[in-house]
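Participant: Show me the folded form of this:
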Amino acid sequence: MDFKRIISEQNRVFTIPKMIKDNLLKKFPTLQMVKKEDYSNLFWDFYDRSAIPNQCYTDINNDQILDYALLVKDNDNLKLIIILSSNNDYSYWISPFSIENIKSDGVNFCVSVKPAGRTDVVKKVPESLVIKKNGFLLKNLEQDSFIFYETNAEIMTFKLL
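Facilitator: Residues are numbered from 1 along each chain as shown. Presented below is the predicted three-dimensional model:
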């Protein structure tokens with residue numbers, strides 16, 4: 001298997017290779033991939049139906065090899081898995097907390113790339129985050145909710161709400 005830059009193309013939309021997803025589900029059999037039909041009708045009012053909102057890829061640790069993010073269901077809980085690629089293997093990070101409880105009307109979260117740079121958040125006390133490498137951004141509909149990024153070989157979380 002080529003671990004350098006693996007992206008498959010389906011109908012001109014780039015997705016995480018099936019083999020990587022299959023290996024993940026074998027390793028964690030209680031998890032299920034979030035599918036397009038799991039999304040709420042409200043979600044599709046904001047996003048194009050050709051989008052693949054439950055997965056994305058970028059290099060979050062600057063090793064020049066693609067890393068992947070996937071939204072998964074753990075019973076009724078929505079979680080994010082980050083798959084870190086190395087020269088000949090993968091390691092998995094699963095969010096230790098539930099992003100949301102999946103309601104009967106469907107999922108409203110999507111994952112995308114968060115480019116390196118500064119993010120400022122005004123809460124009770126203003127906070128800033130500067131990431132020097134790309135990360136992953138979770139959105140609830142169009143509202144930025146979490147940034148997941150790598151620093152010193154550890155996945156960190158920055159809550160935006």
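Participant: Excluding chain neighbours, what is closest to the residue positioned nearest the centre of the chain?
Facilitator: In the chain, the residue lying closest to the centroid (Cα atoms, centre = their mean) is residue 69, at 3.4 Å. Closest residue in space to residue 69, ignoring its immediate chain neighbours: residue 136 at 4.3 Å, by Cβ to Cβ, 6 or more residues apart in numbering. To be clear about C-beta, it is placed using only N, CA and C from the backbone, and glycine gets the same treatment.
Participant: Who is that neighbour paired with across the strands?
Facilitator: Residue 136 has these beta-bridge partners by DSSP bridges: residue 113, residue 148.
Participant: ok, it - how many residues close by?
Facilitator: Number of residues near residue 136 (other Cβ atoms under 10 Å) recorded here: 24.
Participant: cool, residue 144 as well?
Facilitator: 15.
Participant: got the contact list for it?
Facilitator: Applying Cβ atoms under 8 Å, 6 or more residues apart in numbering to residue 144 gives the contacts 137-138, 160.
Participant: What separation is there between the residue nearest to residue 69 and residue 94?
Facilitator: Residue 136 is 13 Å from residue 94, where distance means Cβ to Cβ, to the nearest Å.
Participant: circling back: the residue nearest to residue 69 against residue 81, yeah?
Facilitator: No: Residue 136 is beyond contact range of residue 81, at 10.4 Å (criterion: Cβ atoms under 8 Å).
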